[in-house]
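1. let's see this in three dimensions:
(2 chains)
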Amino acid sequence: MILFNLRLTARSMRWLGAALLVLIWSSFTISDPGSALSNASSAFMVVVAITCWLTIAVGNVDDDGHRELLAAVAGSPARLQRSRAISAYVAGNAIALVPTVVGIALAATPSRPVSNVRIYGACVLLQLAATAIGVGIGTLLHRPVVRNGGVTLLVSIGALVVLVLLPPVQHVLRQLNDDRTGGLLVLSAVALGAAVAAVAASGALANRLN
Amino acid sequence: MGRPLSSFPSHGSSPPLVALDAVTVRLGGRPILHDLSLTLAPGEVIGVTGPNGAGKTTLLRVAANLLRPSAGRRIGHPTLAYVPAAVEPPLLPAATWLGGVRRDRRVAPTAVLEQLAFDGDLGRPCRELSFGNLRKLLLADAFSSRADLIVVDEAAEGLDSHGAAALLALMAETRARGAGVLFTEQQTQTIVGADRVAVIRQGQLTIETASAIAEITVSLRGPAANVGELTRRGTEIGFRYVTERT
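-> The predicted structure is shown next:
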């Protein structure tokens, strides 16, 4: 089902906007790269946004009839919702590899000594956390939970703004800009937990609202 | 604790595949189904008919676990195949769609497509198929699956006479392998394939019996000559109720 969801989304071309965002971020980073951790910090919100976009694209890729057909195959609307969230997580991480790799490959020298293992680990962890947050937001904003495209757009933008204003997120991103990794593990754990909770909630809502 | 599935009346020796127990559904505050109970046994084909807006599709969606009842319960966890009445053609080529939608199949879907006289190109996108061929594609997916329960909304919608006859045969095959079929139908084309017919009016089952078929057939189609033709066709493919109703 995951592969099938990805095929449908690939055919829909609705991933193009997310790919364009990555392209724009990459071109800015190539022209003026920072350290690897600082690049990862600046890519964080882009990765959250593209994964949120992809999650909504995967969720809205078909009409109600086709979604119900697939929900019956999956066993229930909640199970389909879960499989679509996993599909989006896979797709989001595949696309997010581009900024992660670009950020590491073109990195300038860090302002303080940091081991390569720490840099790679932090970049990967931040990517996994950002994609989890994107899925967590997106899974609550596509059909059958939210059916109005305008509401989806407004709420997703609002959620991204609130996210970037959250003090713990700001703290971690500032630390990374300063080539430190303090708070990253906690942020990642909270992000993954919140994403799992959001997917469970969207599944429960899908069972009620389908 | 609710009643176990085995305690519901079944038309076979084994417990029902699925049972709806005093189900009520309200959508947007409006009652769609009211205190409705229905059981479907393994190897049983139930046709649901009734006027537009009576709640047929809602009943199917509850039976297929796609909609939670506002009150009452759906009991049973059969594996499912669901054919919606209307679907926007998927973006994939028909063969890719059939290959991806489910892996585990009882028979090759192409064999079922052949039976249904599918006339489209499987290599082309689904959106290029005619409405009838798209319906046949969806039916082939469902009837080639290993599902214990096949739920079909507006069963004969878009089918030519050959397709409708093939659908009756597929229902008979499904019954023979011990799976169940629950379908809705406005016309009489496929209602003759049902072991039992449930008539819904204003969200309630008003008739639930095989002997109602003749009455329904007459009321839906009018001239008795049509009933005779349908009876003859039903007899040809061996439906056991036909002698009851003639």
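2. quick one, helices of chain A?
-> Assigned by DSSP state H, the helices in chain A fall at A:2-12, A:16-31, A:36-59, A:64-74, A:77-105, A:116-138, A:149-165, A:167-177, A:184-209.
3. can you check chain B too?
-> Under DSSP H, chain B gives helices at B:56-63, B:94-101, B:109-115, B:131-143, B:161-176, B:213-221, B:224-236, B:242-245.
4. which parts of chain B sit against chain A?
-> Chain B comes close to chain A at residues B:61, B:64-68, B:79-88, B:90-92, B:96, B:100-102, B:138, B:141, B:151, as judged by Cβ under 8 Å from any Cβ of the partner chain. Glycine gets a C-beta too; all of them are placed from N, C-alpha and C.
5. which strand residues bridge B:Val18?
-> Bridge pairing for B:Val18 (DSSP bridges) gives the partners B:Leu40.
6. that one touches B:Ala41, doesn't it?
-> No - with contact defined as Cβ atoms under 8 Å, B:Val18 does not count as touching B:Ala41 (9.4 Å).
7. run through the bridge partners of the most centrally placed residue in chain B.
-> Residue closest to the average C-alpha location in chain B (Cα atoms, centre = their mean): B:Phe183, at 2.0 Å. Beta bridges link B:Phe183 to B:Gly47, B:Val152 when assigned by DSSP bridges.
8. next one, pLDDT for it please.
-> Listed pLDDT for B:Phe183 reads 94.
9. who's in contact with it?
-> B:Val45, B:Ile46, B:Gly47, B:Val48, B:Leu60, B:Val151, B:Val152, B:Asp153, B:Ala155, B:Met171, B:Thr190, B:Ala194 (Cβ atoms under 8 Å, 6 or more residues apart in numbering or on different chains).
10. looking at pLDDT only, which of those scores worst?
-> B:Thr190 (71).
11. looks like B:Val112 contacts B:Ser145 (just checking).
-> No - using Cβ under 8 Å, B:Val112 makes no contact with B:Ser145, being 9.7 Å away.
12. okay, now A:Val151: neighbour count?
-> Number of residues near A:Val151 (other Cβ atoms under 10 Å in any protein chain shown) recorded here: 11.
13. tell me how far it lies from B:Leu122.
-> For A:Val151, the distance to B:Leu122 (Cβ to Cβ, to the nearest Å) stands at 38 Å.
14. can you check B:Gly178 too?
-> 30 Å.
15. A:Asp63 and B:Val87: what is the separation?
-> Applying Cβ to Cβ, the value for A:Asp63 to B:Val87 is 7 Å.
16. got it, and A:Val151?
-> Taking Cβ to Cβ, one finds A:Val151 at 25 Å from B:Val87.
17. chain A against chain B: which residues are in contact?
-> Counting by Cβ under 8 Å from any Cβ, chain A comes close to chain B at A:3-4, A:7-8, A:11-12, A:61-66, A:68-73, A:75-77, A:207-208, A:210.
18. if we can go back for a sec, ok, B:Gly178 and B:Leu122, which is more surrounded?
-> Taking other Cβ under 10 Å, B:Gly178 and B:Leu122 do not tie; B:Leu122 has more neighbours (19 against 14).
19. spatially nearest residue to that one (excluding sequence neighbours)?
-> Nearest non-adjacent residue to B:Leu122, counting by Cβ to Cβ, 6 or more residues apart in numbering or on different chains: B:Ala95, 4.1 Å away.
20. repeat for A:Leu69
-> B:Tyr82 (5.4 Å).
21. read off the pLDDT value for the residue nearest to A:Leu3 when sequence neighbours are not counted.
-> Leaving aside its chain neighbours, A:Leu3 sits nearest to B:Gly100 (6.9 Å; criterion: Cβ to Cβ, 6+ apart). Note on B:Gly100: pLDDT of 91.
22. OK, contacts around B:Gly100?
-> When contacts are counted by Cβ under 8 Å, 6+ apart, B:Gly100 touches A:Leu3, A:Phe4, A:Arg7, B:Leu92.
23. my guess is the second one contacts B:Arg103. True?
-> No - in this structure, A:Phe4 sits apart from B:Arg103 without contact. The criterion is Cβ under 8 Å, and the distance is 9.5 Å.
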